[in-house]
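**Q** got a structure for you, letters missing:
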C-alpha cells in the first residue's frame, strides 16, 4: 500500500466505526474538542489527525488506539512481520507510526514511530487506556508527562514507561529525525 491508500484506509476505519457506534459527526467532534469540518475531512481522507486526535477518537469510540492498525497485510509466517507487511499510519504533525507487531490479539503491541524534525503528537495531551512505554532508537524525544510537568528529553537508548490514562504529549524538538519503539498493552 502506498501512503495515500493508508490514509484512505484510516479514514474508512474511523468513519465505519463511528457509524457502527451510532455516533454523529457532531457528537464525536464535541467529544474530542475538534470541529465537525475537521472530522469530516479526516473521514474523507483529506486531513490527517494528529496522534492526540486519533487517541481521543479511539477513547471516544471505546476502542484501543491500536484498533486503527487492524487492516491486515499478507504475511509468509503468521507470528513474524516483515517491513513490507506492516501497516503504517501517517499523522499530521510529522509523526509516522509503523505497526511492528504481527498480530493485534496478543497482550501487547509494538509500534515504530518516526518523528521528523519538529514533529509533535499534537497540542493536547494523550489519554490512552493502554499502559505504554518506549525505547528511543535514534534521535531525541521530548515528553511532557502530567499537566504542569517540565519536559524531559530522552536520547538514543533511553526508555520510559507510562501507566494507563497518563496525560502526556511528545515531540522531536531537534533538527534530526527520531525513531522510537513503543510498546502498548
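**A** Perfect, I can see it now. Not measured: the values here are computed from a predicted model.

**Q** which ones are touching the spatially closest residue to residue 7 that is not a sequence neighbour?
**A** Of all residues not flanking residue 7 in the chain, residue 45 sits nearest, at 5.1 Å (Cβ to Cβ, 6 or more residues apart in numbering). Any C-beta I mention is one placed from the backbone N, CA and C, and that applies to glycine too. Residues in contact with residue 45 (Cβ atoms under 8 Å, 6 or more residues apart in numbering) are 4, 7-8, 10-11.

**Q** which one among those gets closest to residue 25?
**A** Of all those, residue 25 sits closest to residue 11, with 12.9 Å by Cβ to Cβ.

**Q** what's near enough to touch that closest one?
**A** 42-45.

**Q** So which residues of the chain form strands?
**A** 88-90, 95-99, 109-115, 132-138, 140-145, 152-155, 159-162, 168-171, 178-184 (DSSP state E).

**Q** Ok, which of the ones you listed comes nearest residue 79?
**A** strand 109-115 (13.0 Å).

**Q** Contacts only, for the residue of the chain most remote from its centre.
**A** Taking Cα atoms, centre = their mean as the measure, the residue most remote from the mean C-alpha position of the chain is residue 76, 26.0 Å away. Residues near residue 76 by Cβ under 8 Å, 6+ apart: residue 82.

**Q** circling back to that earlier point, any idea how far residue 61 is from the residue nearest to residue 7?
**A** In this view, residue 45 and residue 61 are 18 Å apart by Cβ to Cβ, to the nearest Å.

**Q** Excluding sequence neighbours, find me the nearest residue to the residue nearest the centre of the chain.
**A** Of all residues in the chain, the one closest to the mean position by Cα atoms, centre = their mean is residue 51, 4.5 Å from it. The spatially closest residue to residue 51, leaving aside those adjacent along the chain, is residue 121, at 3.9 Å (Cβ to Cβ, 6+ apart).

**Q** Lovely, talk soon.
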